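**Q** Sequence below, structure please.
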Amino acid sequence: MKKMLLLSLFLIVSLIVIIPDATAHCPLCTGAAVAGVEVARVIGVDDSIVGLLLGAVIISSALWFNKWLKKKIDFPLQEIIIVILSLLMIIIPFYYAGIITNAAMVKSMPDYHSMFGLGIFGIDKLMIGIIIGSIAVWSAFTLSDSIKKQKGKVLWPYQGLSFMLIILFILSLIFWLITK
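**A** Reported below is the predicted structural model:
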């Protein structure tokens, strides 16, 4: 897991170096989310909360890549396709590596609670976190973009990052209260 996170961090840093300009979904957002995931796993934060942060990494990276790609190529449903592919590129390897489990099947095993923690509605907590975190962060950036379009400018510097951090803080607090 740690090697995978370090590889992801290396790839993101490489993209930061390669892509010359910052966009609304910038390396700062992605870097903040990656750092949050690593710190959370190291200190033993619940997988649902780690999933929230991982969902933030996936979506901010996908949106950042989409903004860059749109300057070169633009096709129908491009953003949605890139987001879905980004999610699949994380979820599928995590599933096959045993990081994301089928909680409904594993629930019957006697050591399930000590190995994986309890799933929510039969879905692995990391997966639930990734799904909810992805939806929340995508919504935060969509709200920020909508405000920028409506007002013709951002209301304050790092508006999108602020929305992302606020929604992740609120959801993390809710998940922490549920799982403590």
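**Q** remind me which residues of the protein are low pLDDT?
**A** Scanning the chain for pLDDT under 70 picks out 1-34, 36-38, 102-121.
**Q** remind me, longest helix of this protein?
**A** Identified as the longest helix of the chain according to DSSP state H is helix 125-151.
**Q** Can you mark which positions in that one are buried?
**A** 125-134, 136-138, 140-141, 144-145, 147 (16 or more other Cβ atoms under 10 Å). For the C-beta atoms, the positions are set from N, CA and C on the backbone; glycine is no exception.
**Q** ok but residue 45 is inside a helix, no?
**A** No: according to DSSP: H, G, I helix; E, B strand; the rest coil, residue 45 belongs to no helix; its state is coil.
**Q** quick revisit: which element follows the longest helix of the chain toward the C-terminus?
**A** Next along the chain after helix 125-151, taking DSSP states H and E as the criterion, comes helix 159-179.
**Q** what's that following helix packed up against?
**A** On a contact count with 3 or more Cβ pairs under 8 Å, 6 or more residues apart in numbering; DSSP states H and E, helix 159-179 meets helix 27-43, helix 47-70, helix 125-151.
**Q** Tell me which residues of the second one come out buried.
**A** Which is helix 47-70. The neighbour-count check on helix 47-70 (16+ other Cβ under 10 Å) flags 47-68 as buried.
**Q** who are the neighbours of it, in terms of helices and strands?
**A** Using 3+ Cβ pairs under 8 Å, 6+ apart as the test, helix 47-70 ends up in contact with helix 2-18, helix 27-43, helix 78-96, helix 125-151, helix 159-179.
**Q** Next, the angle from the third one to helix 125-151.
**A** This points to helix 78-96. With axes from the mean of the first three to the mean of the last three Cα atoms, to 10 degrees as the basis, helix 78-96 and helix 125-151 are set at 170 degrees to each other.
**Q** Next up, the contacts around the closest residue in space to residue 51 that isn't next to it in sequence.
**A** Leaving out its chain neighbours, the residue that sits closest to residue 51 by Cβ to Cβ, 6 or more residues apart in numbering is residue 129, at 1.8 Å. By Cβ atoms under 8 Å, 6 or more residues apart in numbering, the residues touching residue 129 are 47, 48, 49, 50, 51, 52, 53, 54, 55, 175.
**Q** if you set the cut-off to 6 Å instead, what comes out?
**A** Residue 129 makes contact with 48, 51, 52 under the criterion Cβ atoms under 6 Å, 6 or more residues apart in numbering.
**Q** what do you get for residue 48?
**A** Neighbours of residue 48 in contact, by Cβ under 6 Å, 6+ apart: 125, 128, 129, 175.
**Q** 10 Å - rerun?
**A** By Cβ atoms under 10 Å, 6 or more residues apart in numbering, the residues touching residue 48 are 117-120, 124-130, 132-133, 171-172, 174-176, 178-179.
**Q** Okay, it and residue 55: tell me how far apart.
**A** Distance, residue 48 to residue 55, using Cβ to Cβ, to the nearest Å: 11 Å.
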